[in-house]
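*Asks:* Sequence first, then the predicted structure:
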Amino acid sequence: QVQLVESGGGLVQAGGSLRLSCVASGRSISNYAMGWFRQAPEKEREFVGAINWSGGNSDYADSVKGRFTISRDNAKSTVYLQMNSLKPEDTAVYYCAADFWRSSVVTARASLYNYWGQGTQVTVSS
């Protein structure tokens, strides 16, 4: 079992930045891909980005490309989501997820992730 705990969410003005963290415990995530997803009220959960085990391969949703960056520190069992130039439409609960099926490649399909955190709220005011 893997426990994932997100933190770093909050209220920020449009154009601002936040960095989310996801700390894993219970089992090492060092060899596996990790993803970030988000869910806005009354909307389906959507892919934000993902990173492979080494950090050498990543993918992002078109809506966040150039603004968001995922990184990881395997020694700390932590994955980060740096969010810059935030927009009101980025308001959502953000979840990290662990993909124990994949290591070098990443996927945007939420159903293929094995473990999920409880989420952290990000609110961007206009």
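*Replies:* Happy to help now that I have it.

*Asks:* Show the average pLDDT along stretch 33-43.
*Replies:* Stretch 33-43 comes out with an average pLDDT of 97.

*Asks:* And D99, how close does it get to E42?
*Replies:* 27 Å (CB to CB, to the nearest Å). For glycine as for every other residue, the C-beta is placed from the backbone atoms N, C-alpha and C.

*Asks:* How about the contacts made by the residue positioned nearest the centre of the chain?
*Replies:* Nearest residue to the geometric centre of the chain (CA atoms, centre = their mean): W36, 2.3 Å. Counting by CB atoms under 8 Å, 6 or more residues apart in numbering, W36 makes contact with L20, C22, V48, G49, A50, I70, V79, L81, Y94, Y95, C96, A97.

*Asks:* re earlier: the more surrounded of D99 and E42?
*Replies:* Higher neighbour count among D99 and E42: D99, with 22 against 5, using other CB atoms under 10 Å.

*Asks:* Could I get the phi/psi values of the closest residue to the more buried one other than its chain neighbours?
*Replies:* Closest residue in space to D99, ignoring its immediate chain neighbours: A33 at 4.3 Å, by CB to CB, 6 or more residues apart in numbering. Backbone geometry at A33, expressed as degrees, to the nearest 10, gives phi -70, psi 150.

*Asks:* Thank you, goodbye.
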